[in-house]
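1. Sequence and predicted model, in that order:
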Amino acid sequence: MSAYAVFIGPLIGILCVNYYIIQKRRFHMPDLFEGSSRSLYWYNRGINWRTVAAWLIGTAPRSVFLNIFSAPKLTH
């Protein structure tokens with residue numbers, strides 16, 4: 001597993017769950033481009049803390065093994 005997959009894997013999972021289950025494959029397109037509190041997707045000052053927490057929970061167990069599997073093997 002590469003270092004890239006450790007961080008991107010949980011993010012892709014969150015995006016898929018949001019699209020297929022939470023939003024039910026529907027978005028309000030004008031609100032995606034609205035950068036103010038009038039947008040449906042504004043959350044708390046533009047940050048969805050539930051998503052940040054889910055990403056950290058998904059990344060933390062994988063990052064423990066990051067150095068073990070991605071570090072080069074040193075042989076003498």
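-> Thanks, I have it.
2. Check the separation of the first and last residues in stretch 33-46.
-> With C-alpha to C-alpha, to the nearest Å as the measure, stretch 33-46 spans 12 Å from end to end.
3. Please enumerate residues in contact with that stretch?
-> 28, 31-32, 48-49 (C-beta atoms under 8 Å, 6 or more residues apart in numbering). For every residue, glycine as well, the C-beta is placed using N, CA and C.
4. Closest to Val64 out of the residues you listed?
-> Nearest to Val64, judged by C-beta to C-beta, of these is Trp49 at 23.3 Å.
5. on that earlier part again, need the contacts of stretch 33-46 in CSV (columns: secondary structure and distance to Leu40).
-> Formatted as CSV, the contacts of stretch 33-46 follow (DSSP: H, G, I helix; E, B strand; the rest coil; distance: C-beta to C-beta, whole Å):
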residue, secondary structure, distance to Leu40
His28, coil, 6
Asp31, helix, 5
Leu32, helix, 9
Asn48, coil, 12
Trp49, helix, 16
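6. Give me the lowest-pLDDT entry from the residues you listed.
-> Lowest pLDDT of these: Leu32, 88.
7. Closest to the geometric centre of the protein, which residue is that? Let me know.
-> The centroid of the chain falls nearest to Leu11 when counting by C-alpha atoms, centre = their mean (2.7 Å).
8. For that one, which non-adjacent residue is closest in space?
-> Trp55 (6.0 Å; C-beta to C-beta, 6 or more residues apart in numbering).
9. quick one: that neighbour and Leu15 touch, right?
-> No - using C-beta atoms under 8 Å, Trp55 makes no contact with Leu15, being 10.3 Å away.
10. more neighbours, these two?
-> Trp55 (15 against 11; other C-beta atoms under 10 Å).
11. Isn't Thr51 up against Val17?
-> No - taking C-beta under 8 Å as the definition, Thr51 is not a contact partner of Val17, at 9.9 Å.
12. that older thread, how about the secondary structure of the residue nearest to the centre of the chain?
-> helix (DSSP: H, G, I helix; E, B strand; the rest coil).
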